[in-house]
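Participant: below is the sequence, then the predicted model.
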Amino acid sequence: DTEVTQTPKHLVMGMTNKKSLKCEQHMGHRAMYWYKQKAKKPPELMFVYSYEKLSINESVPSRFSPECPNSSLLNLHLHALQPEDSALYLCASSQGWGGEVETQYFGPGTRLLVL
Amino acid sequence: AQSVTQPDIHITVSEGASLELRCNYSYGATPYLFWYVQSPGQGLQLLLKYFSGDTLVQGIKGFEAEFKRSQSSFNLRKPSVHWSDAAEYFCAVGANFGNEKLTFGTGTRLTIIP
C-alpha cells in the first residue's frame, strides 16, 4: 500500500486564524515532506523531516510551522497567513534511509484558500 | 545543481494516438529520474522512475520512458492514449547531495480530443 492521506481536503481561513494540516502514512517511511503548489506550477519543497527531525527548511516564512509528532504523522501549523499563501499543499513520504534519492509518494493535497 | 526542462507547456493529442512528452535534465553525474502525473486538484502519482540499469523503463497505465544519457533526456511515451490520460505531467530529477530533494520540471499539460 503506497497511500499517503491528508486532511482536510479543503480549508478556508482568514488571515488571523490558526489552523493545521495533517498528513499520515502507514508505509513505515521515515522521511516526510511538505510541498506548496500554486496553480499551473510545479510543487515547491517547503520542509523535509527525516527520522522525525527537521532536516530541510527551504527558507519558509515562520507563519508556517511544521511538526512531526511520530514517524507516521506530519502536521503543518498555519498562523497569520496571507492571501498569497493560497495554494495546494502536498505531503509526501519516502523510505528515508538517508543519503540517497528515493521515490516520494504523494498525498492528494489540501486546497487552502486564505481570505 | 540539477535542473529539468520540459519544453512543451501544452500538448493536444487525439484519443488512440501515440504520445511523447519531452524531458531534458542537467546534472553532472547519473541522475535519478521520475515521471509523475497529476489530475486536476489531485496529488502527484508516480508513473515510473529510473535509477540505473535498463534504460527503457516500464511504468503504470501503459507508459514507458527511455533514458538517453547522450541526449540528457528522459522522454515519456505511450503508444495509444485514452481520454483518462488528460492531466499534468511532471518530470523530476534527484541527485545525491546527502538529501532527498527532487527538482521538478514546469510540467506539460496533456489534452485529449475525441
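Facilitator: On my side now, so go ahead.

Participant: pull the helix or strand of chain A with the lowest mean pLDDT out as PDB, backbone CA atoms only.
Facilitator: Least confident helix or strand, chain A: strand A:53-57 with a mean of 87, by mean pLDDT, DSSP states H and E. Only the C-alpha atoms of strand A:53-57 are listed here, as PDB (Å, rounded to 0.1, in the frame of the first residue of the first chain):
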ATOM      1  CA  LYS A  53      13.800  15.500  12.800                       C
ATOM      2  CA  LEU A  54      13.600  18.600  10.600                       C
ATOM      3  CA  SER A  55      16.400  18.200   8.000                       C
ATOM      4  CA  ILE A  56      15.500  20.700   5.400                       C
ATOM      5  CA  ASN A  57      13.700  24.100   5.700                       C
END
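
Participant: tell me how far that strand lies from the chain's centre.
Facilitator: Counting by CA atoms, centre = their mean, to the nearest Å, strand A:53-57 is centred 12 Å from the centre of its parent chain.

Participant: what's in contact with the helix or strand that that strand is followed by?
Facilitator: Next helix or strand after strand A:53-57 toward the C-terminus (DSSP states H and E): strand A:64-70. Strand A:64-70 is contacted from outside by A:32, A:34, A:46-47, A:49, A:52-54, A:74-79, A:85, using CB atoms under 8 Å, 6 or more residues apart in numbering or on different chains. (Glycine included, C-beta is placed from N, CA and C.)

Participant: next, the angle from the following helix or strand past strand A:64-70 to strand A:64-70.
Facilitator: Downstream of strand A:64-70, the next assigned helix or strand under DSSP H and E is strand A:73-79. Orientation note: strand A:73-79 sits at an angle of 150 degrees relative to strand A:64-70 (axes from the mean of the first three to the mean of the last three CA atoms, to 10 degrees).

Participant: contact residues of chain B facing chain A?
Facilitator: By the rule CB under 8 Å from any CB of the partner chain, the part of chain B lying against chain A is B:32, B:34, B:36, B:41-46, B:49, B:51, B:90, B:94-96, B:98-102, B:104-107, B:109.

Participant: ok, residues contacting the least confident helix or strand of chain A?
Facilitator: A:45-49, A:66, A:68, B:99, B:101.

Participant: that one pairs with which strands?
Facilitator: strand A:44-50 (antiparallel) (DSSP bridges).

Participant: any buried residues in the strand it pairs with, and which?
Facilitator: A:45-50 (16 or more other CB atoms under 10 Å in any protein chain shown).

Participant: would you turn those into TSV with distance to A:Val101 and pLDDT?
Facilitator: Formatted as TSV, the buried residues of strand A:44-50 follow (distance: CB to CB, whole Å; pLDDT from 0 to 100):
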residue	distance to A:Val101	pLDDT
A:Leu45	13	93
A:Met46	19	95
A:Phe47	18	93
A:Val48	12	91
A:Tyr49	17	92
A:Ser50	13	88
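
Participant: so where is chain B shaky, pLDDT-wise?
Facilitator: For chain B, the stretches with pLDDT under 70 are B:96-100.

Participant: that one: strands as residue ranges?
Facilitator: B:3-5, B:10-14, B:19-21, B:24-26, B:32-38, B:44-50, B:56-58, B:64-68, B:73-78, B:87-94, B:102-104, B:108-113 (DSSP state E).

Participant: can you put those in TSV and add mean neighbour count?
Facilitator: Output for those, formatted as TSV (neighbours: other CB atoms under 10 Å in any protein chain shown):
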stretch	mean neighbour count
strand B:3-5	16
strand B:10-14	13
strand B:19-21	18
strand B:24-26	17
strand B:32-38	24
strand B:44-50	20
strand B:56-58	14
strand B:64-68	18
strand B:73-78	20
strand B:87-94	24
strand B:102-104	22
strand B:108-113	16
